[in-house]
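Asker: what's the 3D shape of this:
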Amino acid sequence: MQLEILIDEHEIKKNVKEMGIAISNYYSEGTVLSIICVLKGALLFTADLIKEINLNTNIEFLDISSYKGKERGEIQLNSTTDFFIKGKDVLVVEDIIDSGNTINYIVDQLKGKDPKSIKVATLLFKPDVYNFDMKIDWIGFNIKNEFVVGYGLDYNELYRNKKSIYKINDE
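Answerer: Now for the predicted structure:
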């Protein structure tokens, strides 16, 4: 298995900074933004993104999984959603959105908690395989339908610590 660089760390940093500015500009001054980091993949992205958001924030973590190796599986909620978001502006931060099954599941779960608003930011988006009409509010990079690792994304829990995004070549 070989890794081929797809997006280097400098592009990621630049993009995350721009996204943080855009998110800050979207909300009115004084907004307290409740950020929900989708574990484990979005941890590094969320950590960098919140440093670029010029608002008061609080953060919660949602542990959910839908992949085994390279294969999409059943969505499995590995933590509770007992955090209080009623009447709050919520930003869900994802590492990657492909089919949309996971993010739509998450948003549906959160809507039941009566937040003021729910917005979604993702580092990576695969528009060719996305199956839903729900708008993704902030997208870092559109990519092809390839399996990628690095910057929080893994293959069987490996490669999360890579600073860039790589596609896996099985040759």
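Asker: so how far is the first residue of stretch 24-36 from its last?
Answerer: Counting by Cα to Cα, to the nearest Å, you get 16 Å between the two ends of stretch 24-36.
Asker: sorry, that was for stretch 110-128
Answerer: Chord length of stretch 110-128, first to last residue, is 26 Å (Cα to Cα).
Asker: Okay, buried residues for that stretch please.
Answerer: Neighbour-count burial for stretch 110-128 flags Leu110, Lys113, Pro115, Ile118, Lys119, Val120, Ala121, Thr122, Leu123, Leu124, Phe125, Lys126 (criterion: 16 or more other Cβ atoms under 10 Å). Every C-beta, even on glycine, is put in place using the N, C-alpha and C of the backbone.
Asker: The fourth one contacts Val92, correct?
Answerer: In this case it means Ile118. Yes - counting by Cβ atoms under 8 Å, Val92 is a contact partner of Ile118 at 6.6 Å.
Asker: and for those two, which residues touch both?
Answerer: Common neighbours of Ile118 and Val92 are listed as Val107, Leu110 (criterion: Cβ atoms under 8 Å, 6 or more residues apart in numbering).
Asker: now Val124, which residues is it bridged with?
Answerer: Not quite, residue 124 is Leu, not Val. Bridge pairing for Leu124 (DSSP bridges) gives the partners Ile96, Phe141.
Asker: Wait, it touches Lys167, no?
Answerer: No - using Cβ under 8 Å, Leu124 is not in contact with Lys167; the gap is 11.2 Å.
Asker: Find the residues that touch each one of those two.
Answerer: Val148.
Asker: which residues of the protein score low on pLDDT?
Answerer: Counting by pLDDT under 70, the chain has low-confidence residues at 65-82, 171.
Asker: try 80
Answerer: 1, 65-83, 170-171 (pLDDT under 80).
Asker: mind listing the helices for it?
Answerer: For the chain, applying DSSP state H gives helices covering 9-26, 43-52, 101-111.
Asker: All good on my end, thank you.
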